[in-house]
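**Q** heads up, no residue letters with this:
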């Protein structure tokens, strides 16, 4: 019969090869805080034959205790002749800057640092020491915040940090007790983090008062079962509908209205996560965005990292960078050109009447009616103009729809303005007010040069 140490190693070895699909000999970046869980993880992975490098993040939250944690990790790496990568980060400053809690700031900084170190060292696997008890606590915390099925999955055994780097949790099927038994049997040295007992943190309260009355393994098994439903049923349904509803960075209004409201909201959340990752992708925000479906064309909502606005047929997601570029104004005179997506706009002035007012790449206007220099910018929701030959004005969004401009291309369309009046939608329509008439004495040619 195998002793407890061998049984523990065998379980971790099986998990590594069958769940994480990582074989002995491969390089792994191990996150080591100096606590018992991460020290035990580093030990067992080394014994199993993995080529480990160590990442330690010093958040400077606990004064001399943080210094002592780092010193212990240095000593462990020296004893094992392992490469150590230390990052010094001020979690409190990051929390103040972002408005999140110190714990959440530390979490974000930790995974960002792990990703950066792994990329620099060309390591494709990062290992951390979360276990069954952590999984059960995460499930309860997510429930307390209000979560859907994906939140009930809690922590994944393996998840991507980037396309090339995966985060894995080799202890996710091990209990805190089994890890402690292994560490004691191996006579490992570690440090206790006293902040884990600080009752100002909800996780500490759960650990001290709630978890002793619950079965952590049962809660973790529930998370695993929900994960199977998410992976096999819910996720494919979301991906399938998202693919059908998507054009560029936009979602079809018709498709959204045909779905159950819960699925439509979930597609909006998917759009936020993919196209505006700086936003808070939650149910409340998704509901506000989905309400745009019943709003007038041009209505918009600002979110972290961008804007979502309603055009005639789609909800369009625009990043802050794109918005900034859209709002930039270039001044156009005869001696200058203004860059626009894919090319540049130019102005030519002459007193000679053109032989043909039809121009495949531009328009002829009455120069005497223009206010120079002209302004060139991206069009904005709510912009209107009087198209040539029409009596009233029309929204630019409607004109682009009438001209069958694909939704994903519309946000790149520019306008040329004379004062506050749009004179030309570049490549599409000119304004009636600036048309050439028999009384025109000076002519202006606005034209587009492709790069």
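**A** Perfect, I can see it now. Owing to the predicted nature of the structure, the values given are computational and were not obtained by experimental measurement.
**Q** Could you tell me whether residue 72 really is in a helix?
**A** Yes - Residue 72 forms part of a helix when assessed by DSSP: H, G, I helix; E, B strand; the rest coil.
**Q** Quick check: it touching residue 193?
**A** No - between residue 72 and residue 193 there is no contact under Cβ atoms under 8 Å: 11.6 Å. For every residue, glycine as well, the C-beta is placed using N, CA and C.
**Q** Now do the shared contacts for those two.
**A** Jointly contacting residue 72 and residue 193 under the rule Cβ atoms under 8 Å, 6 or more residues apart in numbering are residue 34.
**Q** what are the ranges of the helices in the stretch 1-150 of the chain?
**A** For the stretch 1-150 of the chain, the helices defined by DSSP state H, counting those that start in this stretch occupy 4-18, 36-47, 64-80, 91-98, 102-121, 132-145, 149-152.
**Q** Just name the shakiest helix or strand of the chain by mean pLDDT.
**A** helix 320-327 (a mean of 61; mean pLDDT, DSSP states H and E).
**Q** Show the subsequent helix or strand relative to it.
**A** Following helix 320-327 in sequence order, the next helix or strand is strand 330-332 (DSSP states H and E).
**Q** quick one: pLDDT of residue 12?
**A** Model confidence at residue 12, expressed as pLDDT, equals 96.
**Q** Also residue 15?
**A** Predicted confidence (pLDDT) at residue 15: the value is 93.
**Q** Could you do residue 198 as well?
**A** In this model, residue 198 is scored at 68, pLDDT.
**Q** repeat for residue 186
**A** 95.
**Q** any idea how far residue 23 lies from residue 370?
**A** Noted for residue 23: a distance of 70 Å to residue 370, by Cβ to Cβ, to the nearest Å.
**Q** of those two, who's got more company?
**A** Using other Cβ atoms under 10 Å as the criterion, residue 23 and residue 370 rank with residue 370 on top: 22 against 11.
**Q** ok, and the closest non-adjacent residue to the more buried one?
**A** Spatial nearest neighbour of residue 370, excluding adjacent residues (Cβ to Cβ, 6 or more residues apart in numbering): residue 418 at 4.7 Å.
**Q** next one: residue 442
**A** residue 367 (4.0 Å).
**Q** Would you quantify the distance from the one you found to residue 171?
**A** From residue 367 to residue 171 the distance is 75 Å (Cβ to Cβ).
**Q** what's the answer for residue 308, then?
**A** Distance from residue 308 to residue 171, by Cβ to Cβ: 40 Å.
**Q** can you check residue 18 too?
**A** For residue 18 relative to residue 171 (Cβ to Cβ), the value is 15 Å.
**Q** Kindly report the same for residue 50.
**A** 14 Å.
**Q** Pick out whichever of those two has more residues nearby.
**A** residue 171 (29 against 22).
**Q** so the more buried one touches residue 11, yeah?
**A** No - in this structure, residue 171 is not within contact of residue 11 by Cβ under 8 Å, at 9.5 Å.
**Q** mind listing what the residue nearest to residue 422 when sequence neighbours are not counted touches?
**A** Distances taken as Cβ to Cβ, 6+ apart put residue 385 closest to residue 422, at 4.1 Å, once the chain neighbours are dropped. Listed by Cβ under 8 Å, 6+ apart, the contact set of residue 385 reads 393-394, 396, 399, 415, 421-422, 425, 429, 431.
**Q** on that earlier part again, compute the number of surrounding residues for the residue nearest to residue 370.
**A** 20.
**Q** Tell me how far it lies from residue 450.
**A** 24 Å.
**Q** now do residue 55
**A** According to Cβ to Cβ, residue 55 and residue 450 sit 48 Å apart.
**Q** So for these two, which residue has more residues nearby?
**A** More neighbours surround residue 55 than the other of residue 55 and residue 450, with 26 against 8 (other Cβ under 10 Å).
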